[in-house]
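**Student:** Quick one, what's the 3D model for this:
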Amino acid sequence: MTGALWALAAGTGFGLFQTLNRRAVHGMDVYMATFVQLVISTLVLVIISLMTVDIHLLFLAPVGAILSFAAAGFLHFLIGWTLLNASQKRIGAARTSPLIGTTPLFGTVIAAITLRELPRLIELVGIGLIVLGAYYVSKESETSTEFHGAPKTLIEILQVSWMGLGAAFFWALSPIFIRLGLQDLPSPLLGVTVGVTASVIGYGIVLLWNRKSWMGVPITRDAWMFKVAAGLLVGLSTWMRWVALDLAPVAIVLALSMISVPLVGLLSPLVSGKQLEKVTALLWMGTGLIVGGALLLTFN
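**Tutor:** Sure, this is the predicted structure:
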């Protein structure tokens, strides 16, 4: 398989993961759902690492590289995945997915602040499209009766969208630490495995500390089944994404990964039901604006 096909497979896997995950988190506590997701993904990545790379590199790596990968894992998996699950539970997968697609926007902002890489005109157009698209996606979200329908003011829109946008922000921030780790341990797969393993250990400690909040809370068999399937998909998709990045230009991988956004919009109503996932013309318009803007930023 070429790098482009690996990227397409990863994007499809992430789309299927988000679709199944919505069905799972609807019947689970957000923190428990994230922990299960982390455990399954860790097992998948550890097994793939043992089968495909030289594990001895891990024991020869400097402590700084391990800490960098652990920091990247905390940002991407521990914080980012928690916000993803919380956003899906609140506003659904079809509305969360395009908000996650704003990751290139935050990447551009972070690059401007840390590297003084100011956006060019075409990138400003992309930023404008993403902001407009995120506005429409958030404004159209009928989360509950707390706003008596769809949110109207800017504060209400931010209350609806901040978790999805927060996940995108932390996913854009984590590559900074990944790059630092790869300087001393040039194995992306080992790096992401270290990151997710550190996250599952940290999450386990947090859950034990706050066990009164989740112990005794029933989880349906349906939720367990969908969560296990979602965890396997996201673990495999993460691996396929790293393979793609090793074989193809980053821009191509990021662009093809965007297939997950419309895929979630198409499949979520079928898996979770139209009563939970209402996909409207306005939502599709906002999704299209975000994807278009993200592609402009990706290729520039």
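
**Student:** I'd like to know which elements the helix or strand hosting residue 98 is packed against.
**Tutor:** Following DSSP states H and E, one finds residue 98 within helix 93-100. Helices and strands touching helix 93-100, by 3 or more Cβ pairs under 8 Å, 6 or more residues apart in numbering; DSSP states H and E, are helix 3-25, helix 81-91, helix 121-139, helix 154-184, helix 260-272, helix 281-298. In short, each C-beta sits where N, CA and C put it, glycine included.

**Student:** for this protein, what helix or strand is lowest in average pLDDT?
**Tutor:** In the chain, no helix or strand scores lower on mean pLDDT, DSSP states H and E than helix 250-257, which sits at a mean of 80.

**Student:** if we can go back for a sec, in PDB, list the C-alpha atoms belonging to the next helix or strand after the helix holding residue 98.
**Tutor:** Note on helix 93-100: by DSSP H and E, the next helix or strand toward the C-terminus is helix 103-114. What follows is helix 103-114, C-alpha atoms only, in PDB (Å, rounded to 0.1, in the frame of the first residue of the first chain):
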ATOM      1  CA  THR A 103      -7.000  21.300  14.300                       C
ATOM      2  CA  PRO A 104      -5.100  22.900  11.400                       C
ATOM      3  CA  LEU A 105      -6.400  26.300  12.500                       C
ATOM      4  CA  PHE A 106      -4.900  25.900  16.000                       C
ATOM      5  CA  GLY A 107      -1.700  24.500  14.400                       C
ATOM      6  CA  THR A 108      -1.400  27.700  12.300                       C
ATOM      7  CA  VAL A 109      -2.000  29.900  15.400                       C
ATOM      8  CA  ILE A 110       0.600  27.900  17.500                       C
ATOM      9  CA  ALA A 111       3.100  28.200  14.600                       C
ATOM     10  CA  ALA A 112       2.600  31.900  14.400                       C
ATOM     11  CA  ILE A 113       3.200  32.300  18.200                       C
ATOM     12  CA  THR A 114       6.100  29.900  18.600                       C
END
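
**Student:** quick one, which of the helices and strands packed on helix 93-100 is packed in tightest?
**Tutor:** helix 81-91 (a mean of 25; mean count of other Cβ atoms under 10 Å).

**Student:** picking up where we left off before, mind putting the helices and strands packed on helix 93-100 into JSON lines with mean pLDDT and distance to residue 39?
**Tutor:** Output for the helices and strands packed on helix 93-100, formatted as JSON lines (pLDDT from 0 to 100; distance: least, Cβ to Cβ, whole Å):
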{"stretch": "helix 3-25", "mean pLDDT": "90", "distance to residue 39": "14"}
{"stretch": "helix 81-91", "mean pLDDT": "90", "distance to residue 39": "12"}
{"stretch": "helix 121-139", "mean pLDDT": "87", "distance to residue 39": "31"}
{"stretch": "helix 154-184", "mean pLDDT": "86", "distance to residue 39": "19"}
{"stretch": "helix 260-272", "mean pLDDT": "90", "distance to residue 39": "22"}
{"stretch": "helix 281-298", "mean pLDDT": "89", "distance to residue 39": "30"}
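
**Student:** what would those look like in JSON lines with distance to residue 229?
**Tutor:** Formatted as JSON lines, the helices and strands packed on helix 93-100 follow (distance: least, Cβ to Cβ, whole Å):
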{"stretch": "helix 3-25", "distance to residue 229": "5"}
{"stretch": "helix 81-91", "distance to residue 229": "15"}
{"stretch": "helix 121-139", "distance to residue 229": "26"}
{"stretch": "helix 154-184", "distance to residue 229": "21"}
{"stretch": "helix 260-272", "distance to residue 229": "11"}
{"stretch": "helix 281-298", "distance to residue 229": "24"}
